[in-house]
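S.K.: I'd like to go over a predicted model; first the sequence, then the structure.
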Amino acid sequence: MNDSTITLPWLVIRQDDNGNRYRVGRYATRAEAQKIADSLDGRGHKQLYWVERIGPNGTSSAD
(Lines give C-alpha, C1' and ligand atoms only; values in the text may rest on other atoms or scores of the structure.)
Protein backbone atom coordinates (compact mmCIF):
# COMPACT_ATOMS: atom_id res chain seq x y z
CA MET A 1 0.00 0.00 0.00
CA ASN A 2 1.37 3.41 -0.89
CA ASP A 3 0.23 6.91 0.08
CA SER A 4 -2.23 7.11 -2.81
CA THR A 5 -4.12 4.01 -1.66
CA ILE A 6 -4.62 4.88 2.01
CA THR A 7 -8.18 4.00 2.95
CA LEU A 8 -10.42 5.86 5.35
CA PRO A 9 -13.16 3.30 6.02
CA TRP A 10 -14.72 4.94 9.11
CA LEU A 11 -17.36 7.65 8.74
CA VAL A 12 -18.85 10.06 11.24
CA ILE A 13 -22.47 10.78 10.36
CA ARG A 14 -24.64 13.61 11.71
CA GLN A 15 -28.43 13.66 11.72
CA ASP A 16 -30.14 17.00 12.30
CA ASP A 17 -33.51 17.83 13.86
CA ASN A 18 -35.29 17.28 10.54
CA GLY A 19 -33.83 13.82 9.94
CA ASN A 20 -31.31 14.97 7.31
CA ARG A 21 -28.05 13.03 7.40
CA TYR A 22 -24.61 14.37 6.54
CA ARG A 23 -21.16 12.84 6.39
CA VAL A 24 -18.96 14.82 8.79
CA GLY A 25 -15.68 13.12 7.90
CA ARG A 26 -13.78 9.95 7.06
CA TYR A 27 -11.16 8.42 9.34
CA ALA A 28 -8.59 5.64 9.29
CA THR A 29 -9.59 4.03 12.58
CA ARG A 30 -12.79 3.49 14.49
CA ALA A 31 -11.22 5.00 17.61
CA GLU A 32 -10.41 8.22 15.74
CA ALA A 33 -13.92 8.45 14.29
CA GLN A 34 -15.52 7.73 17.67
CA LYS A 35 -13.42 10.42 19.34
CA ILE A 36 -14.70 12.99 16.82
CA ALA A 37 -18.31 11.79 17.16
CA ASP A 38 -18.11 11.95 20.96
CA SER A 39 -16.59 15.43 20.84
CA LEU A 40 -19.32 16.74 18.56
CA ASP A 41 -22.06 14.98 20.53
CA GLY A 42 -20.79 16.56 23.74
CA ARG A 43 -21.54 20.07 22.50
CA GLY A 44 -25.16 19.72 23.65
CA HIS A 45 -26.94 20.31 20.35
CA LYS A 46 -29.90 18.20 19.26
CA GLN A 47 -28.01 16.56 16.41
CA LEU A 48 -27.10 12.89 16.61
CA TYR A 49 -23.63 11.63 15.70
CA TRP A 50 -22.53 8.06 15.06
CA VAL A 51 -19.81 6.00 13.43
CA GLU A 52 -20.25 3.76 10.39
CA ARG A 53 -17.79 1.61 8.48
CA ILE A 54 -17.61 1.62 4.69
CA GLY A 55 -17.63 -1.94 3.38
CA PRO A 56 -15.50 -3.31 0.56
CA ASN A 57 -18.23 -2.54 -1.97
CA GLY A 58 -18.43 1.12 -0.89
CA THR A 59 -21.61 0.89 1.17
CA SER A 60 -21.78 1.94 4.79
CA SER A 61 -23.43 0.20 7.69
CA ALA A 62 -24.19 1.35 11.20
CA ASP A 63 -21.69 0.03 13.71
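M.R.: Nice, thanks for sending it over. Numbering: from 1, shown residues only.
S.K.: nearest residue to the middle of the protein?
M.R.: V12 (1.5 Å; C-alpha atoms, centre = their mean).
S.K.: how many other residues sit next to the residue lying closest to it once chain neighbours are set aside?
M.R.: Using C-beta to C-beta, 6 or more residues apart in numbering and skipping the chain neighbours, the partner closest in space to V12 is V24 (4.1 Å). Every residue, glycine included, has its C-beta placed from N, CA and C. Here the number of neighbours of V24 (other C-beta atoms under 10 Å) works out to 15.
S.K.: pretty sure V24 is touching V51, no?
M.R.: No: V24 is beyond contact range of V51, at 10.0 Å (criterion: C-beta atoms under 8 Å).
S.K.: what's opposite the residue nearest to the centre of the chain in the beta bridge?
M.R.: Counting by DSSP bridges, V12 is bridged to G25, V51.
S.K.: contacting residues for it?
M.R.: R23, V24, G25, Y27, A33, I36, A37, L40, Y49, W50, V51 (C-beta atoms under 8 Å, 6 or more residues apart in numbering).
S.K.: now these in a markdown table, please, with extra columns for pLDDT.
M.R.: Output for the contacts of V12, formatted as a markdown table (pLDDT from 0 to 100):
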| residue | pLDDT |
| --- | --- |
| R23 | 96 |
| V24 | 95 |
| G25 | 96 |
| Y27 | 97 |
| A33 | 98 |
| I36 | 96 |
| A37 | 95 |
| L40 | 93 |
| Y49 | 94 |
| W50 | 96 |
| V51 | 97 |
